[in-house]
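Peer 1: sequence plus predicted model, see below.
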Amino acid sequence: MKHILVAGGAGYIGSACTEYLLNNGYAVTVYDSLVTGHLDAIDPRAKFIPGDLADREKIIKVAKEGNFYGIMHFAAASLVGESMVDPSKYFRNNIANGINLADAAVAGNIKNFVFSSTAATFGQPEKCPISENDPQKPINPYGESKLCFEKILNWYSQIHGIKYAALRYFNAAGATENFGEAHNPETHLIPIILQVAAGEREKLMVYGNDYNTPDGSCVRDYIHILDLAQAHMLALDAPESGHYNLGTGKGLSVFEIIKAAEKVSGKKINFEIAPRRPGDPDTLIACSDRIKKLLGWKPQFENAEAIIESAWKWKLNHKNGYLR
């Protein structure tokens, strides 16, 4: 049984990937500080070690003692808006602490490293869909920090023989039956919309309606977390180091997501137009042909309604999120 160390396994995507790995015969140890993650988001079948990646000695000790086949890294700060206000937090956590995890891989002789990267490394794309070889020009510290760590992994691959896969995904969404999205405060579009549908929030703030898109709102590529989990598992056995875009190849605007959520929930979604947020590109859509061809990735959720329906079902069954 292959043993995987999942850093950030108490978070939204990390919890779904942990569950997926366990369901497919892997053993999993979750390493998480629980600063933004939730104890109840950790699959009970996994071993849990509380810890922060800033604790260099501890994560190296865990890596050396665990006999791990691979590492999955989800333990990064990930809010674009916050990164424009507090860049220090993003460079310290996403680069310096990431180096601690990479050094732990070296110390533990762990040769397979899957990095949860982001489409924010591309910045404002010159064309869409975006391919792996398109120019990377981040327009916010979040994207810059992720791109920097991708480059660091490339050097660790050359020098230390670590085989890494950097998965640049676009907008993670949806839920499994057991694990869903619950941030405090919530900043992601779909869960905020569903809070409005559930009567927990008065209205949605739409940040900008003057983007260069068909309806003026930002366009993003939404990908279900189960499809993300499948990609992460496949990436553990990628034949060589590399980068992979993850998305459906279909862009959906904020207003289109609102309409889909109204159809799924049967509720009216009240919203208000607000000023743009600094650092938000107009459109981000992925070309995922490379991971489909090289790793055999086959996404199962290709439309907004199916993704939102899974998130709505999880929310109805977890009215308080992960609060005990």
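Peer 2: Cool, the structure landed.
Peer 1: run through who's touching the longest helix anywhere in the chain.
Peer 2: Longest helix in the chain, counting residues (DSSP state H): helix 141-160. Residues from elsewhere that reach helix 141-160, judged by C-beta atoms under 8 Å, 6 or more residues apart in numbering: 76-80, 82-84, 87, 90-91, 93-95, 98-99, 102, 105-106, 113, 115, 117-118, 120-123, 136, 138, 162-164, 166, 241, 243, 279. C-beta here means a position set from N, CA and C on the backbone, and glycine is covered the same way.
Peer 1: could I get the pLDDT score of Ala261?
Peer 2: pLDDT for Ala261: 97.
Peer 1: wait, it sits on Ile190?
Peer 2: Yes. In this structure, Ala261 is within contact of Ile190 by C-beta atoms under 8 Å, at 7.1 Å.
Peer 1: what touches both of those two?
Peer 2: Ile308.
Peer 1: got the CA coordinates for the longest helix of the chain in CSV?
Peer 2: Extracted C-alpha coordinates of helix 141-160, given in CSV (Å, rounded to 0.1, in the frame of the first residue of the first chain):
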residue,chain,number,x,y,z
PRO,A,141,1.4,38.1,-5.2
TYR,A,142,-0.6,34.9,-4.9
GLY,A,143,0.2,33.9,-8.5
GLU,A,144,3.8,35.1,-8.2
SER,A,145,4.4,33.0,-5.1
LYS,A,146,3.0,29.9,-6.8
LEU,A,147,5.1,30.4,-9.9
CYS,A,148,8.2,30.9,-7.8
PHE,A,149,7.6,27.6,-6.0
GLU,A,150,7.1,25.8,-9.4
LYS,A,151,10.5,27.1,-10.4
ILE,A,152,12.0,25.9,-7.1
LEU,A,153,10.6,22.4,-7.6
ASN,A,154,12.2,22.4,-11.1
TRP,A,155,15.6,22.9,-9.5
TYR,A,156,14.9,20.3,-6.8
SER,A,157,14.0,17.9,-9.6
GLN,A,158,17.3,18.6,-11.4
ILE,A,159,19.5,18.5,-8.2
HIS,A,160,17.8,16.1,-5.9
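Peer 1: what comes up buried for it?
Peer 2: By neighbour count with 16 or more other C-beta atoms under 10 Å, helix 141-160 contains the buried residues 141-150, 152-154, 156-157.
Peer 1: closest to Asp40 among these?
Peer 2: Relative to Asp40, the closest of those is Tyr142; by C-beta to C-beta it sits at 26.7 Å.
Peer 1: what does the helix or strand bottoming out on mean pLDDT in the chain contact?
Peer 2: The element with the least model confidence among the helices and strands of the chain, by mean pLDDT, DSSP states H and E, is strand 283-284, at a mean of 87. Counting contacts by C-beta under 8 Å, 6+ apart, the residues outside strand 283-284 that touch it are 119, 122, 125, 128, 130, 170-171, 211-213, 218-221, 251.
Peer 1: who are the packing partners of the helix or strand following it?
Peer 2: Later in the chain than strand 283-284, the nearest helix or strand by DSSP states H and E is helix 289-295. Counting contacts by 3 or more C-beta pairs under 8 Å, 6 or more residues apart in numbering; DSSP states H and E, helix 289-295 is packed against helix 225-235, strand 242-246.
Peer 1: tell me the angle the longest one makes with strand 242-246.
Peer 2: Relative orientation of helix 225-235 and strand 242-246, computed by axes from the mean of the first three to the mean of the last three C-alpha atoms, to 10 degrees: 160 degrees.
Peer 1: now helix 225-235, how far from the centre of its chain.
Peer 2: What separates the centre of helix 225-235 from the centre of its chain is 11 Å, taken as C-alpha atoms, centre = their mean, to the nearest Å.
Peer 1: give me the contact list for it.
Peer 2: Taking C-beta under 8 Å, 6+ apart as the rule, helix 225-235 contacts 12-13, 16-17, 19-21, 24, 26, 72, 114, 116, 165, 167, 169, 172-176, 179, 244, 246, 291, 295-301.
Peer 1: now, of the residues you listed, which are buried?
Peer 2: A residue is treated as buried here by neighbour count (16+ other C-beta under 10 Å); on that basis the buried members of these are 12-13, 16-17, 19-21, 26, 72, 114, 116, 165, 167, 169, 172-176, 179, 244, 246, 291, 295, 297, 299, 301.
Peer 1: I'm done for today, thanks for sticking with me.
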